[in-house]
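Enquirer: quick one, fold the following:
(chains A and B)
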There are 2 protein chains.
Amino acid sequence: MSVDQYRATFRGCPINASRHEPESIKATLQRLADATGDDEQIDNYGSGELIESFEREVAALLGKEAAIFMPSGTMAQPMALRIWADLARTDYVALHATNHVALHEHNSYQVLWQLKGCELGESHRVPLLDDLKAAARDPLAAVLLELPMREIGGQLPPWDELVRQSGWARAQGIKLHMDGARLWQCPAAYGKSLADIAALFDSVYVSFYKDLGGIAGAMLVGDADFIARAKVWQRRVGGTLYALYPYVIAAREGLARHLQALPERRQQARWLAEQLNQLPGVSTWPKIPHTNMFRMRIRCQPEAFLVKGERWMQQHNIALIPPPYRTDDDALHCEINVGDAFDFLEKDEWATWIQQFGKDMADTLSA
Amino acid sequence: MSVDQYRATFRGCPINASRHEPESIKATLQRLADATGDDEQIDNYGSGELIESFEREVAALLGKEAAIFMPSGTMAQPMALRIWADLARTDYVALHATNHVALHEHNSYQVLWQLKGCELGESHRVPLLDDLKAAARDPLAAVLLELPMREIGGQLPPWDELVRQSGWARAQGIKLHMDGARLWQCPAAYGKSLADIAALFDSVYVSFYKDLGGIAGAMLVGDADFIARAKVWQRRVGGTLYALYPYVIAAREGLARHLQALPERRQQARWLAEQLNQLPGVSTWPKIPHTNMFRMRIRCQPEAFLVKGERWMQQHNIALIPPPYRTDDDALHCEINVGDAFDFLEKDEWATWIQQFGKDMADTLSA
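Expert: Reported below is the predicted structural model:
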C-alpha cells in the first residue's frame, strides 16, 4: 500500500473531515468563467482594476494601506524580510525552526535572498517574548511570526503575549512580519478582527488557496512604501506575470465563499478533535485545537492501517483520517484542516461514522 | 491624447495588424473549460500528468531531454544563468545590452541572482563571434543569445554565424543559453526545425503568451540534470505554485492553435513592412523583417498623429499602427507582431486600408 494511493482515494472523497469539497479543473474553470463579469478586463503586469481592486479589498480587510498579489508565499515571505533587511542595513532575521521559510524552501532565504536566519524559541512551541529578546543578540531587521503555526498543530500564542511581543519589537525598531498563510482562522480564536491582529505587524503575508479554496496565490500587505518596494522585488524575482487573473478571480471568489464560515469550522474542528481523542491510540495536538486545524498521532500498525483505511474510504465514500505527513514504526502522524467538505454530514452522523471507524479499524489500532 | 487611450482603443480593435484577436477573460476561461477533459487532474507543486505531459511535449519539440514549466521568463532566465554559473564556478555571464534580463528586470540578475554581466557586442545589431570572444576576457560561465532579438526589430544572426558561435562556445566550455521568448518564429526564417535550432544551445527559455496566445508562463528546456537543478531553484524563487493548470492548459491550447501558422505570419509581416515603407515618413527596422515582428519609425507630429490615429481606429474598427514604445519630438517608434487578427482581412483589403490611412493621416506625417 503506497501512501500515494491512500492520498488519491482521500482526495477524491467528497465527504471529508479535512479539506474543501473536491472540484475538477473543468468545473473550476467553468465556475470562474460564470463568476467573471462580461466587461472585466485582463490585468497586465500587476496593473488593472481587476487585480488592484482586489488588492484594495484585502488591504482594507487587514486595515493596512496597500497590498500586492503574489504568485506564492515562498516568493512573498523572504521578499518581505529582504525589504526590512535592506531598510535596517542588516541581514539578520529571526524565525521559528518550523516555519515554511526554514523548512520547505531549500534555504532560499539564505541562498537566494542573502539573509541570515536566527533561531526563535523551541521547535515544539510558540515563541515567547524572551525568545525574541534572545534572538535580538544579533542585530535583527525583522522577526517572522506565523499565525497559526501550522507545523505545531495550528497553535497560537495567547493574545496578550502577542501584544507584548509587538510592543517590544516596535520599541527596538525591529519589524514584525506575519506568516498569515492561515490568518483567516485567527479572528475566531482571538475574538479580534483581522485588522486588530494585523495591526500588531508591519507586514503580512496571506494565502488564498488553503482556507479560502483558491487555485494558488498570495498577497503581501503593509504600508504604501513597503508595497512599492515589493513591486520592484516582485519584478526582479519574476513574479510580475503578464496576467494573473485566473488566480485573482479564484481568490476573490474563495474569500467571498469561505471566510465567513471559518468560525464555524473552528467549532467543528474542536468537536472533531474531542471525538477523535476517544478512539484508541489517537491523540490530537493540541488536545483542544486553537483554530480549525490540528495534528494527531495515531498509534497503530501503519501498513495495516493504511491498507484497511483506504478500503474503508472506498467502501463508505467518507474520508476521516488524512494521509500521514510522517510515519513511524508504531504510529502515523496526520493533519486535519476542517473545510466545507465537513458539511456533507451532520455532527451526529459524523459521530456515528467515527465510532464505526474505530470499531472497523480496531485490530490495527494500539490502545 | 494619452498613449494609454490610444493603447486601449488599439487593443480593443479586432482587425489588427499586430496581435492576436482580443478575447475577454470570461471567453478565455470558458474556452479553457471546454478544452479540459473531464478526468484531467489538478497539478500539484509541479507534479501531475497534466503539467508533466506538456513539459515532455515541449522538450520533444525542441529535441531536449527535459523541460519545466515556469510562471515567467523573468524567473526562468537568470535561473538558467545561475545554474551554469554554479557549475562553472564563476559568476560571469555575457548578454546583449538590449536583452530583457539587462533592460526590464531591475538588474535582478545582479541584485538577486548574484551574477556579473559582461557586454556582448553593440546594442543596435546582433552579436557576432568576435563579440563572444571579446566578452570571454572574463571567465564566462554562459552566453545568453536571444532569437529573434526583440528590441532590434526581431533580427536574427545568419544561421552559419550562429553555428560558428555555438561551436566556439562548446570548444571553450562556455554554455549557450537561448532567450527564445519568440523562438517559435525562427524555423520559418532559418528553414530549420525547432530542434535544429535548440541543438546549438545548452538551455532554452520559451514563452507561451506572446506568439502562442497563452495567459502567461514559460518553460526552461535542457538536459535532465539542468532541469533537475531548475526544479530546486524554482522552489527557492517561489515559482513552484500549488497549481499552474490555468497557464498550462492555455499554453497547450495556444501551441496547438498558433504554432503552425507562424510561417504564414512571417510572410504577412514581410508583405506588411513593404506596404508600410511606402507611406510617407514610415521606415521599418529591419527593412525586410527576418521574422513576424519588426519595428518602425514614423516621422510625424506625435500628438497630432495619436489624436487623429485614435479617431481613425474608432471610426473604421481597424488597428494598423500600435501604440508607440518611444516618442521623439518628431517621430514615433512602434513595434508590429503579426498575429491571427491579421486574418480578418485579405491582403488587398489591407492594402486599400493602408493607402486610405496614408491619405487620411497625411497632414500629420512628415515626408
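
Enquirer: what about the helix or strand containing A:Phe54, distance to the chain center?
Expert: If you go by DSSP states H and E, A:Phe54 is part of helix A:49-61. Mean C-alpha position of helix A:49-61 versus that of the full chain (C-alpha atoms, centre = their mean, to the nearest Å) differs by 20 Å.

Enquirer: next secondary structure after it?
Expert: strand A:66-70.

Enquirer: quick one: the helices in the stretch 1-150 of chain A?
Expert: With DSSP state H, counting those that start in this stretch, the ranges of helices along the stretch 1-150 of chain A come out as A:3-12, A:25-35, A:49-61, A:73-88, A:100-103, A:108-111, A:129-135.

Enquirer: say whether chain B is contacted by the fifth one.
Expert: No: when contact is scored as C-beta under 8 Å from any C-beta of the partner chain, no part of helix A:100-103 falls within range of chain B; the minimum is 10.7 Å. The C-beta positions use only the backbone N, C-alpha and C, and glycine is treated the same way.

Enquirer: kindly report the same for the first one.
Expert: No: against chain B, helix A:3-12 shows no contacts by C-beta under 8 Å from any C-beta, the least distance being 9.1 Å.

Enquirer: in that helix, which residues are buried?
Expert: Under the neighbour-count criterion of 16 or more other C-beta atoms under 10 Å in any protein chain shown, helix A:3-12 has A:Val3, A:Tyr6, A:Thr9, A:Phe10, A:Arg11 buried.

Enquirer: could you do the second one as well?
Expert: Residues of helix A:25-35 classed as buried under the neighbour-count rule (16+ other C-beta under 10 Å) are A:Ile25, A:Lys26, A:Thr28, A:Leu29, A:Gln30, A:Arg31, A:Leu32, A:Ala33, A:Ala35.

Enquirer: check the longest one too.
Expert: When burial is assessed from 16+ other C-beta under 10 Å, helix A:73-88 yields the following buried residues: A:73-85, A:88.

Enquirer: near chain B, which residues of the stretch 1-150 of chain A? Just list them.
Expert: Counting by C-beta under 8 Å from any C-beta, the residues of the stretch 1-150 of chain A close to chain B are A:24-26, A:29-30, A:32-33, A:36-38, A:40-42, A:50, A:70-76, A:104-108, A:111-114.

Enquirer: work out the gap between stretch A:13-32 and the centre of the chain.
Expert: That offset, for stretch A:13-32, works out to 18 Å (C-alpha atoms, centre = their mean).

Enquirer: quick check: domain ranges of chain A?
Expert: Residue ranges for the domains of chain A, per automatic domain parsing: A:3-22+A:261-362, A:43-242.

Enquirer: now do the longest one, average pLDDT.
Expert: The predicted model gives domain A:43-242 an average pLDDT of 98.

Enquirer: tell me the contacts of the residue of the stretch 51-200 of chain A found nearest chain B?
Expert: The nearest approach of the stretch 51-200 of chain A to chain B comes at A:Met75, 2.6 Å away (C-beta to the nearest C-beta). The contact partners of A:Met75, taken as C-beta atoms under 8 Å, 6 or more residues apart in numbering or on different chains, are A:Ala218, A:Gln234, A:Val237, A:Gly239, B:Val237, B:Gly238, B:Gly239.

Enquirer: look up the closest residue to it, ignoring the ones flanking it.
Expert: B:Gly238 (2.6 Å; C-beta to C-beta, 6 or more residues apart in numbering or on different chains).

Enquirer: and what of A:Ile354?
Expert: Per C-beta to C-beta, 6+ apart, closest to A:Ile354 is A:Gln275, 5.0 Å.

Enquirer: give me the number of residues near A:Pro187?
Expert: By the criterion of other C-beta atoms under 10 Å in any protein chain shown, A:Pro187 has 18 neighbours.

Enquirer: isn't it right up against A:Gly180?
Expert: No: counting by C-beta atoms under 8 Å, A:Pro187 stays clear of A:Gly180, with 11.4 Å between them.

Enquirer: please convert the buried residues of helix A:3-12 to a markdown table, extending it with distance to A:Trp168 and pLDDT.
Expert: Below are the buried residues of helix A:3-12 laid out as a markdown table (distance: C-beta to C-beta, whole Å; pLDDT from 0 to 100):
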| residue | distance to A:Trp168 | pLDDT |
| --- | --- | --- |
| A:Val3 | 43 | 91 |
| A:Tyr6 | 45 | 96 |
| A:Thr9 | 48 | 95 |
| A:Phe10 | 43 | 95 |
| A:Arg11 | 43 | 91 |
